[in-house]
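Asker: Using only what follows, build the 3D model:
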Amino acid sequence: MIDEGLSPLYVSIHSTNPELRADMLRNPRGATSLRWLQELLRAGVDVHGQVVVCPGVNDGVELERTLYDVLSLYPELKSLALVPVGVSDFTLEETMRAHNAAEAREVVALAERFQRFTRELFGVAKVFASDEFYLVAGVSPPGTESFESLDEAENGVGLVAAFIESFTKHAVMTKLGSGFFQSVDGAPALGYRAPRTMMNQSYFGDEVTVLTGEYAAPILRDLFDEHGFSDVDVKAVKNRYFGGNIKVAGLMTGQDLQVALRDISESSVCLIPDVCLSEGRFLDGLTLEDLPRPVMTVSTTGLDLRTALETVRTKGLSRT
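Answerer: Sure thing, here's the model as predicted:
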């Protein structure tokens, strides 16, 4: 990696406590493998870090220790994202559970304290809590002014801010790839997403419904109400396939969409985000053809979604 100059890289840190890190990774080598992070940084490779925070495991005092260690041992690290652990119904780890609101607020408070600290120390903020932590805590995620860059977008940092700015200002999300609550594991790379059907299929309907994950739904509802789209319905799709605290749009499955679509009026044009499809298939193997009715896939940037809504509203579309 050093010889080829691969940069930037993303490294999972999780904890700087050697024993705890080895236990979390279920790998004894995890206790010493962070030494390679120092070598990468010394070689001038840009590295962004991630800590998957697990309640009762590497949070609280352990998380604070990790943050102090990162700043003292790896000051060249570009950024560090704190991400909540995803716990599905299939999780076999007995100690793994989702954060409650109080625990999420503690993580957010710690991240913001270290943001202020790193701005004073380095001139830029380096520690961020993911948008999901704010939502679980019942707090609005920070705006774009809180970020010097959106390099941690794949870890869910700044996605809400970027999406809202793109939607409200008719702006291209140049700092960000293309996702809105896309999830690290759930969002396929750009070349593998579903083809946009907005312009090459025609639909007709008296109503418009946007289907999305449970995290994004209330934010879209507020955004639509504030910007002249109060007539657009927002349907939160419950993730029964994975269960647990899996609520991002990128992990919606065909089976769950089948259930959600049955409750929507036949006269409604339905839009879904393209991030839940990879090479035309949902994560459960179903395709758009398996859904009980036609839907439009739309790129999930704020600008693209707004353009789709305006197109449906102004042009009127006839169903095929």
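Asker: Okay, now the unreliable bits of the chain?
Answerer: Scanning the chain for pLDDT under 70 picks out 171-205, 315-320.
Asker: where along the stretch 1-150 of the chain do the strands fall?
Answerer: 9-12, 47-53, 79-84, 127-129 (DSSP state E, counting those that start in this stretch).
Asker: what's the answer for the stretch 151-300 of the chain, then?
Answerer: For the stretch 151-300 of the chain, the strands defined by DSSP E, counting those that start in this stretch cover 207-212, 233-236, 268-273, 296-298.
Asker: Could you check how many residues crowd around E289?
Answerer: Neighbour count of E289, defined by other CB atoms under 10 Å: 8. In this view, the C-beta of every residue, glycine as well, is placed from N, C-alpha and C.
Asker: Revised request: answer the last question for R35.
Answerer: Going by other CB under 10 Å, the residues that sit close to R35 add up to 8.
Asker: Check the spacing between it and R21 real quick.
Answerer: Relative to R21, R35 is positioned 12 Å away (CB to CB, to the nearest Å).
Asker: same question, W36
Answerer: 13 Å.
Asker: And those two? Which one has more around it.
Answerer: Ranked by neighbour count (other CB under 10 Å), W36 and R21 place R21 first, with 22 against 12.
Asker: among the strands of the stretch 1-150 of the chain, which is the most enclosed?
Answerer: Per-stretch averages of neighbours, counted by mean count of other CB atoms under 10 Å, single out strand 127-129 among the strands of the stretch 1-150 of the chain, with a mean of 27.
Asker: Show me the contact partners of that one.
Answerer: Outside strand 127-129, the residues that touch it by CB atoms under 8 Å, 6 or more residues apart in numbering are 67, 79-82, 107-108, 110-112, 114-115, 118, 147, 152, 157-158.
Asker: Likewise for stretch 135-150?
Answerer: Applying CB under 8 Å, 6+ apart, the set of residues contacting stretch 135-150 from outside is 79, 84, 98-101, 104-105, 107-108, 115, 124-125, 128, 131, 134, 157-158, 160-162, 164-165, 175-176, 215, 245.
Asker: If you count neighbours, what's buried in it?
Answerer: Neighbour-count burial for stretch 135-150 flags L135, V136, A137, P141, P142, T144, F147, L150 (criterion: 16 or more other CB atoms under 10 Å).
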